[in-house]
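Participant: After the sequence you'll find the predicted model.
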Amino acid sequence: MYLHITKKNRIIVERFNGRVKLQGSLRCEFYRKPVSIPDDETDERWRWFKGCLRALDGTYIKVKVPAAKRKPYQTRKGELCTNVLGVCSRDLQFIYVLAGWEGSVVDSRVLRDAISRPHGLKIPHGTYYLCDVGYTNGEGFLTPYRGQRCHLNNWSRPPTNAKALYNMRPPSARKVIERSFGLIKSGWAILRDNAYHPIESMPRIIIACCLMHNFISTTMTEDPLDQEIPTNHT
């Protein structure tokens, strides 16, 4: 009986991994193509950011790691996680995802890896992505001014200078990537809890979940998860 169950579980895992690999091979089909903000944009969140390709950020996803390899995966809170970079469009679809970095690695290092890869994150000339203060301001990436308020929950008082006024603009626009992460974690239990699957499989699983999120949101007339999702998943 035990051998029968073990064999059955192995078959299930093999078939699951096969489907995950297939999803990964279709990533070019399912990733949303980035489109920059036009000059005549009327959306209050985005009209300040002409040429913007939308927003990027990192999130932690819990993983199962052998005891001998755990230290690099420990976050500042002591959780075992992988640091995932995500880039999404204004309609909450993923443009690019890089999964697999250890939880102790800072967001800026993950981003450097993403833009250095042959098929990594692309930033056409004259365009840029919105980022938070965990990244470096530079060509292709726009971050808030440091030393000023830059989160929506800090705006109980009006801005007192030009830099603070500017920092009011990006948070509501950057919120789209937080919502995208919230949607996939709410929709896929494997991304919320300490996964059964080994760490080697998790990058493909994470990307497959993001691609499925894109596929569902473009093929269903009404998304059952299209509601206000808490953004504390990040």
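Facilitator: Ah, there it is. Numbering: from 1, shown residues only.
Participant: how far away is residue 173 from residue 203?
Facilitator: 28 Å (Cβ to Cβ, to the nearest Å). (Each C-beta comes from the backbone N, C-alpha and C, glycine too.)
Participant: other SSEs contacting the longest strand seen in the chain?
Facilitator: Across the chain, the longest stretch assigned as strand under DSSP state E is strand 52-62. The contact analysis (3 or more Cβ pairs under 8 Å, 6 or more residues apart in numbering; DSSP states H and E) places strand 52-62 against strand 81-88, strand 94-102, helix 107-116, strand 128-130, helix 170-187.
Participant: got TSV for the ones you listed, with distance to residue 36 too?
Facilitator: Shown next, in TSV, are these (distance: least, Cβ to Cβ, whole Å):
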stretch	distance to residue 36
strand 81-88	13
strand 94-102	12
helix 107-116	17
strand 128-130	9
helix 170-187	13
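Participant: Lowest mean pLDDT across these, which one is that?
Facilitator: Among the helices and strands packed on strand 52-62, helix 170-187 carries the lowest mean pLDDT, a mean of 85.
Participant: what about the longest strand of the chain, distance to the chain center?
Facilitator: 4 Å (Cα atoms, centre = their mean, to the nearest Å).
Participant: in its sheet, what does it sit against?
Facilitator: Sheet pairing here is set by DSSP bridges, and for strand 52-62 it gives strand 81-88 (antiparallel), strand 128-130 (parallel).
Participant: Which residues does the last one contact?
Facilitator: Okay, so that is strand 128-130. With contact meaning Cβ atoms under 8 Å, 6 or more residues apart in numbering, strand 128-130 is reached by 49, 51-56, 87, 123, 139-142, 170, 173-174.
Participant: and the very next helix or strand once past it, how far from the chain's centre?
Facilitator: As assigned by DSSP states H and E, the chain's next helix or strand after strand 128-130 is strand 141-142. A distance of 16 Å separates the centroid of the chain from that of strand 141-142, by Cα atoms, centre = their mean.
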